[in-house]
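# no sequence on this one, just coordinates:
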């Protein structure tokens, strides 16, 4: 297992290097270069020259890239042109919101998806099976932003049951410790703040969790159908084991192996930034920061956030591989 982990870690190096090259090339491929893109209407020849000299853009490309890579290793991506704050500081401030939203979305997707997929496989060919297949297809096909607008219109605007924007009511004077608003409320015993932060997660969490939910339902259903036809399941039934024991020890345990991989990959995708969902609900996470930076031409934030999110996604995938290796004895033997 140690060799497996080391090999996976070594494979991260060319991936991150390749991504850094793509980001570097993207900024240099902007119309007029990074200086004109950042300065906009103020991009006079003199201003562009000063900008290039200030940020070292007048040096050879290889020198620029090595400087960029050296700063990236130190997590130094410069300052945001919108706020003037360090990019890494802004990322650490925004990331807890995206993590909270991702956790809620995945708990919703797992809590509904696995039981529904299992029941659909148990009732193969029934109306429940057909409904789950159709529902999963609709869940994958429905655009997230469209569902987000529908949920916000119905439950926030029309019915007024749930808040429709933000991470917490601005009138609540909550104590900040970790920037995880729900956790902060629990740690400080400010239960009203914790509950308010939780209710702000419901609508965006459901909207964000629909695609993982649909995928988990389909994977669980297909995996259970495959496992129930395996020889060891037929042997267990032939030995006279109780049906509940066969399902628990042989069917569910083995069927959840591919499901666990799917859950890990979907978690990594959601952590990479739910741009559309966070934008619709004005949720102060990484996704909404990327959206704002695109329109503000804040390329320091875009460059830093994308690279750090890529590291997060790759690390989550590494944890998925390790977890699968621990769960599946066939991988452990190798």
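Happy to help now that I have it. Keep in mind that what you see is a predicted model, and the values were worked out from it rather than measured. Numbers count the residues shown, from 1 in each chain.
# so where is the stretch 201-334 of the chain shaky, pLDDT-wise?
Within the stretch 201-334 of the chain, the segments meeting pLDDT under 70 span 273, 325-334.
# at 90 what do you get?
221-334 (pLDDT under 90).
# now the helices for it?
Using DSSP state H, counting those that start in this stretch, the helices of the stretch 201-334 of the chain run over 231-238, 243-246, 253-271, 275-280, 286-296, 299-327, 329-333.
# and the stretch 51-200 of the chain, by the same measure?
Counting by DSSP H, counting those that start in this stretch, the helices of the stretch 51-200 of the chain are 61-73, 87-122, 127-141, 144-151, 181-187, 191-227.
# show residues contacting the shortest one.
So the one you mean is helix 181-187. The set of residues external to helix 181-187 that reach it, using C-beta atoms under 8 Å, 6 or more residues apart in numbering, is 96-97, 100, 167-168, 174-178, 190-198, 200-201. Yep, even glycine has a C-beta here, placed from its N, CA and C like the rest.
# buried ones in it, by neighbour count?
In terms of neighbour count (16 or more other C-beta atoms under 10 Å), helix 181-187 has its buried residues at 181-182, 184-185.
# could you dump those into a markdown table with pLDDT added?
Output for the buried residues of helix 181-187, formatted as a markdown table (pLDDT from 0 to 100):
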| residue | pLDDT |
| --- | --- |
| 181 | 88 |
| 182 | 89 |
| 184 | 88 |
| 185 | 89 |
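# of those residues, closest to residue 305?
Closest approach to residue 305 among those (C-beta to C-beta): residue 181, at 20.4 Å.
# what's the nearest residue to the residue nearest the centre of the chain if we skip its chain neighbours?
Using C-alpha atoms, centre = their mean, the residue of the chain that lies closest to the mean C-alpha position is residue 270, 1.7 Å off. Leaving aside its chain neighbours, residue 270 sits nearest to residue 102 (4.2 Å; criterion: C-beta to C-beta, 6 or more residues apart in numbering).
# again with residue 47
residue 39 (5.6 Å).
# double-check the one you found against residue 48; I have them as touching.
Yes: counting by C-beta atoms under 8 Å, residue 39 touches residue 48, with 6.7 Å between them.
# quick revisit: of the contacts of helix 181-187, buried ones?
96-97, 100, 167-168, 174, 190, 193-194, 196-198, 200-201.
# among those residues, which pair sits farthest apart?
Maximum distance among the buried ones among the contacts of helix 181-187 (C-beta to C-beta): 17.6 Å, for 97 and 190.
# quick revisit: wait, what's in contact with the residue nearest to the centre of the chain?
Contacts of residue 270 by C-beta under 8 Å, 6+ apart are 98, 101-102, 105-106, 208, 212.
# list the contacts of stretch 227-244.
Residues contacting stretch 227-244 (C-beta under 8 Å, 6+ apart): 121, 245-246, 249-251, 254-255.
# most surrounded residue in the residues you listed?
residue 255 (25 neighbours; other C-beta atoms under 10 Å).
# distance of that one from residue 220?
Per C-beta to C-beta, to the nearest Å, residue 255 is found 7 Å from residue 220.
# common neighbours of those two, please.
Common neighbours of residue 255 and residue 220 (C-beta under 8 Å, 6+ apart) are residue 118.
# any stretches of the stretch 1-150 of the chain with poor pLDDT?
1-94, 97, 117-149.
# one more time with 70, if that's ok
Using pLDDT under 70, the stretch 1-150 of the chain drops low at 1, 30-34, 36-38, 40-41.
# about what we covered before: among the buried residues of helix 181-187, which one sits closest to residue 157?
Out of these, the member with the shortest distance to residue 157 (by C-beta to C-beta) is residue 181, at 22.8 Å.
# OK, contacts around the closest residue to the closest one other than its chain neighbours?
Leaving aside its chain neighbours, residue 181 sits nearest to residue 197 (3.6 Å; criterion: C-beta to C-beta, 6+ apart). Each residue near residue 197 by C-beta under 8 Å, 6+ apart is listed here: 100, 167-168, 174, 181-182, 184-185.
# widest-spaced pair of the residues you listed?
100 and 174 (13.8 Å).
# residue 62 and residue 21: what is the separation?
Counting by C-beta to C-beta, the gap from residue 62 to residue 21 is 11 Å.
# comparing the two, which shows the higher neighbour count?
Taking other C-beta under 10 Å, residue 62 and residue 21 do not tie; residue 21 has more neighbours (13 against 8).
# and the helix or strand hosting that one, what does it pack onto?
Following DSSP states H and E, the helix or strand that holds residue 21 is helix 2-28. With contacts taken as 3 or more C-beta pairs under 8 Å, 6 or more residues apart in numbering; DSSP states H and E, helix 2-28 sits against helix 61-73, helix 299-327.
# apart from its chain neighbours, what residue comes closest to residue 202?
residue 162 (5.4 Å).
# so that neighbour versus residue 216, what's the distance?
24 Å.
# what of residue 205?
Residue 205 is 15 Å from residue 216, by C-beta to C-beta.
# what's the burial count for the nearest residue to residue 157 once chain neighbours are set aside?
Closest residue to residue 157 apart from its sequence neighbours, by C-beta to C-beta, 6+ apart: residue 164 at 6.5 Å. By the criterion of other C-beta under 10 Å, residue 164 has 18 neighbours.
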